[in-house]
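Engineer: missing the sequence, but the structure's below:
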């Protein structure tokens, strides 16, 4: 997210080995900042703005995924299977399979090639989709079935973002625990943004989220003004740890996401 470009500039401290306890100066301010950043990023993700979450979700179209799988199914699985992808396409048909699960057929370059998007049949919004409508979903790659690429657990972008950030928010609330360690790159970035700006935002993030995020963006446009001397030893140690987590843990997911059965989506999101 370019409005938070200070992250790449501030990550300049050396890494330490031992966990350090850190407590935000004000949990009210911390909560407001986290909520403001999350709300702003969800809005950006839904509207295809330059959101942090976008970096963890590949954008594809039906022709692209068909081409990759038809050229090399193993390469297709490596690129897409089990991973979140955002697909904008045209519904060529809306159907149910033998087990009663619903799916959308999206054609590629012609009517002989298609992708199957599995959707939640209990979601009333999906009942309003008609043949020829444009659709926009975040799904999880499901491999190939009978020469057709399948995308599982397709949900609306807002629902997906809410699910991801609900998990992020639950995890980041443990930031004051001595053994706190971000469980995703997305969580680490939000924690780093807060700590790096903590000394400057106390008076601006006690009120409305709009004022808070506006001030954060203003500060983010001038990252060169933030110096090492601005931070306490406690803040510097925690930023080192977060930087270390991002750089050293190669298996750290960008965002906490996993595929779920389409019939469970409503229960999960409700």
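Structural biologist: Yep, it's here. All values reported here derive from a predicted model rather than from experimental measurement.
Engineer: buried stuff in stretch 188-207?
Structural biologist: Buried residues in stretch 188-207, counting neighbours by 16 or more other CB atoms under 10 Å, are found at 188-198, 200-201, 204-205. Bear in mind the C-beta positions are built from the backbone N, C-alpha and C, glycine included.
Engineer: same question for stretch 63-78.
Structural biologist: Residues of stretch 63-78 classed as buried by neighbour count (16+ other CB under 10 Å): 63, 64, 65, 66, 68, 69, 76, 77.
Engineer: just list the residues touching the third one, thanks.
Structural biologist: If I follow you right, that is residue 65. 76, 80, 85, 87, 115, 141, 149, 151 (CB atoms under 8 Å, 6 or more residues apart in numbering).
Engineer: let's go with 10 Å and repeat that
Structural biologist: Applying CB atoms under 10 Å, 6 or more residues apart in numbering to residue 65 gives the contacts 58, 76, 79-80, 85, 87, 89, 106, 108, 115, 141, 149-151.
Engineer: about what we covered before: which pair in the buried residues of stretch 188-207 spans the largest distance?
Structural biologist: The span of those, defined through CB to CB, is set by 188 and 204 at 23.1 Å.
Engineer: in helices only, show me the buried residues of stretch 188-207.
Structural biologist: 188-198, 200-201 (DSSP state H).
Engineer: next, format those residues as a markdown table and append distance to residue 255 and pLDDT.
Structural biologist: Below are these laid out as a markdown table (distance: CB to CB, whole Å; pLDDT from 0 to 100):
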| residue | distance to residue 255 | pLDDT |
| --- | --- | --- |
| 188 | 11 | 91 |
| 189 | 10 | 90 |
| 190 | 11 | 93 |
| 191 | 14 | 91 |
| 192 | 15 | 88 |
| 193 | 15 | 89 |
| 194 | 18 | 90 |
| 195 | 20 | 87 |
| 196 | 20 | 85 |
| 197 | 22 | 88 |
| 198 | 23 | 88 |
| 200 | 27 | 87 |
| 201 | 24 | 89 |
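Engineer: check the gap between the closest residue to residue 68 other than its chain neighbours and residue 201 for me.
Structural biologist: In this structure, residue 68 finds its nearest non-sequential neighbour in residue 76, 4.7 Å apart by CB to CB, 6 or more residues apart in numbering. Noted for residue 76: a distance of 45 Å to residue 201, by CB to CB, to the nearest Å.
Engineer: stretch 102-113 spans what distance, first to last residue?
Structural biologist: Start to finish, the residues bounding stretch 102-113 are 19 Å apart (CA to CA, to the nearest Å).
Engineer: now that stretch: buried residues?
Structural biologist: Buried residues in stretch 102-113, counted by 16+ other CB under 10 Å: 102, 103, 104, 105, 106, 107, 108, 113.
Engineer: please apply the same query to stretch 156-176.
Structural biologist: Applying a neighbour-count criterion of 16+ other CB under 10 Å, one finds 156-157, 159-165, 167-168, 171-172, 175 buried in stretch 156-176.
Engineer: make TSV from these and add distance to residue 125 and secondary structure to it.
Structural biologist: Shown next, in TSV, are the buried residues of stretch 156-176 (distance: CB to CB, whole Å; DSSP: H, G, I helix; E, B strand; the rest coil):
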residue	distance to residue 125	secondary structure
156	7	coil
157	12	helix
159	10	helix
160	14	helix
161	16	helix
162	14	helix
163	16	helix
164	19	helix
165	20	helix
167	23	helix
168	25	helix
171	29	helix
172	30	helix
175	35	coil
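Engineer: can you give the domain ranges for this protein?
Structural biologist: Using automatic domain parsing, the domains assigned to the chain come out as 2-53+160-248, 57-154.
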